[in-house]
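> need a structure here:
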Amino acid sequence: MAELLRSLQDSQLVARFQRRCGLFPAPDEGAREDDAYEQKYVVKNYFYYYLFRFSAALGQEVFFITFLPFTHWNIDPYLSRRLIIIWVLVMYVGQVAKDILKWPRPFSPPVVQLETRVVAEYGMPSTHAMAATAISSTLLLSTMDRYQYPFPVGLTMAVVFSTLVCLSRLYTGMHTVLDVLGGVLITAVLIVLTYPAWTLMDRLESASPLFPVCAIVVPFLLCYNHPVSDFYSPTRADTTTIVAAGAGVTIGFWINHFFQLVSEPVGALPALQRIPPLTADMLVLGLTKFTVGIVLILLVRQLVQNLSLQVLYSWFKVVARNKEARRRLEIEVPYKFVTYTSVGICATTMVPMLHRFLGLL
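Numbering: from 1, shown residues only. Reported below is the predicted structural model:
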């Protein structure tokens, strides 16, 4: 077993997969002069290159900041609530596990690493694999008793989505096979353990008036006490962003329920619902709602981020626009948490109210 685990963690296995898919390191151009050196590579199969670069994007922030709000505003708030709660739980466990285990990413060379932003993070487990598995599994389990569609088709789509994202982590050189398999296994265990409580999660917004306090304090403390890394990496910041967004969404649903601002997500339906055919009018309406919502979210994000940074810089007597200061624990976690909690609240309360005001509901 130990030998098998070592072989799955071998960087050469990742490099061989890259070569089979037509990705090769460029000829050696001499010694690296500084840390900003960007690895050069040669692509001999552009089909795999674009397929796996696109698949990798399905596990990144740009996908979740578009897919999850689109689901909430245009498809079914019930589904978006479940997706966000499970996504936040799975991602928090994965991000914390990285800084506890401290397993390195595949070595380069021989691996070609295509994503430079997250190279400083540890590798085990692959949070891309965890997020993809969590999203596809939760979507499948939450819709099979809610909408009419062929289950084998839904299962196939879930497997294909997860597989493409997992393989993209090998192609981009960001994870070993063991990292990816570990991420999928951890997610499967979390879903099995939490599935019986999903119905209880659906009733969180009907909790007591003190619920928002817990929904803010507990996630903030979890982020502030994130495991300490041996060096700075974006792991803590990414964890805070994800957890804060989840806290904001949860509080937003509570606000909607408590003050009856907008219609609540409908839980159990009396019968399976047919998936309506996509029409031009539906597409235009959906894109309009999405555009209006994203614009408002970006405005709120920028405003709250600037205000929170100014307050923190003033409080800790730090020079503004100091990039190193933004990485300090007492600044990074509070400003990220306040910013993305506001984004979550905005997405679930302010945007639907704006949609109603504009006659888009």
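> The chain: helices as residue ranges?
2-8, 11-20, 46-57, 61-70, 77-101, 127-143, 151-171, 177-194, 198-201, 211-224, 235-259, 280-315, 329-345, 351-357 (DSSP state H).
> I'd like those helices as JSON lines, with distance to Arg117 appended.
(Glycine included, C-beta is placed from N, CA and C.) Below are the helices of the chain laid out as JSON lines (distance: least, Cβ to Cβ, whole Å):
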{"stretch": "helix 2-8", "distance to Arg117": "25"}
{"stretch": "helix 11-20", "distance to Arg117": "19"}
{"stretch": "helix 46-57", "distance to Arg117": "12"}
{"stretch": "helix 61-70", "distance to Arg117": "10"}
{"stretch": "helix 77-101", "distance to Arg117": "15"}
{"stretch": "helix 127-143", "distance to Arg117": "13"}
{"stretch": "helix 151-171", "distance to Arg117": "14"}
{"stretch": "helix 177-194", "distance to Arg117": "17"}
{"stretch": "helix 198-201", "distance to Arg117": "32"}
{"stretch": "helix 211-224", "distance to Arg117": "20"}
{"stretch": "helix 235-259", "distance to Arg117": "10"}
{"stretch": "helix 280-315", "distance to Arg117": "19"}
{"stretch": "helix 329-345", "distance to Arg117": "16"}
{"stretch": "helix 351-357", "distance to Arg117": "28"}
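> For Pro265, give me the pLDDT.
pLDDT for Pro265: 59.
> mind listing what's buried in stretch 147-157?
Buried residues in stretch 147-157, counted by 16 or more other Cβ atoms under 10 Å: Gly154.
> again with stretch 96-113
Buried residues in stretch 96-113 (16+ other Cβ under 10 Å): 96-99, 103, 105-106, 110-113.
> same question, stretch 292-300
For stretch 292-300, by 16+ other Cβ under 10 Å, it's 292-294, 296-297, 300.
> swap in stretch 313-321?
Under 16+ other Cβ under 10 Å, the buried positions of stretch 313-321 are 313, 318.
> where in the stretch 51-200 of the chain is pLDDT low?
Counting by pLDDT under 70, the stretch 51-200 of the chain has no low-confidence residues at all.
> quick one: contacts for Thr176?
Thr176 is in contact with 8-11, 13-14, 105-106, 123-124, 170, counting by Cβ atoms under 8 Å, 6 or more residues apart in numbering.
> Please repeat the previous calculation with a cut-off of 10 Å.
7-11, 13-14, 103-107, 111, 123-124, 126, 169-170, 182 (Cβ atoms under 10 Å, 6 or more residues apart in numbering).
> Number of residues surrounding the residue nearest to it when sequence neighbours are not counted?
Among residues not flanking Thr176 along the chain, Gln9 sits closest, at 4.9 Å (Cβ to Cβ, 6 or more residues apart in numbering). Other residues near Gln9 come to 19 when the count uses other Cβ atoms under 10 Å.
> Let me see the contact set for Gln9.
Residues in contact with Gln9 (Cβ under 10 Å, 6+ apart) are 103-104, 106, 123-124, 176-179, 182.
> before we move on, the earlier item: between the buried residues of stretch 292-300, which is nearest Ile75?
Ile75 has its nearest neighbour among the buried residues of stretch 292-300 in Gly293, at 13.1 Å by Cβ to Cβ.
> on that earlier part again, so can I have CSV of the buried residues of stretch 96-113 showing distance to Ser308?
Putting those into CSV (distance: Cβ to Cβ, whole Å) gives the following:
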residue, distance to Ser308
Val96, 24
Ala97, 28
Lys98, 26
Asp99, 24
Trp103, 33
Arg105, 32
Pro106, 36
Pro110, 43
Val111, 38
Val112, 38
Gln113, 33
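> distance of the residue nearest to Thr176 from Val338?
Gln9 sits 39 Å away from Val338, going by Cβ to Cβ, to the nearest Å.
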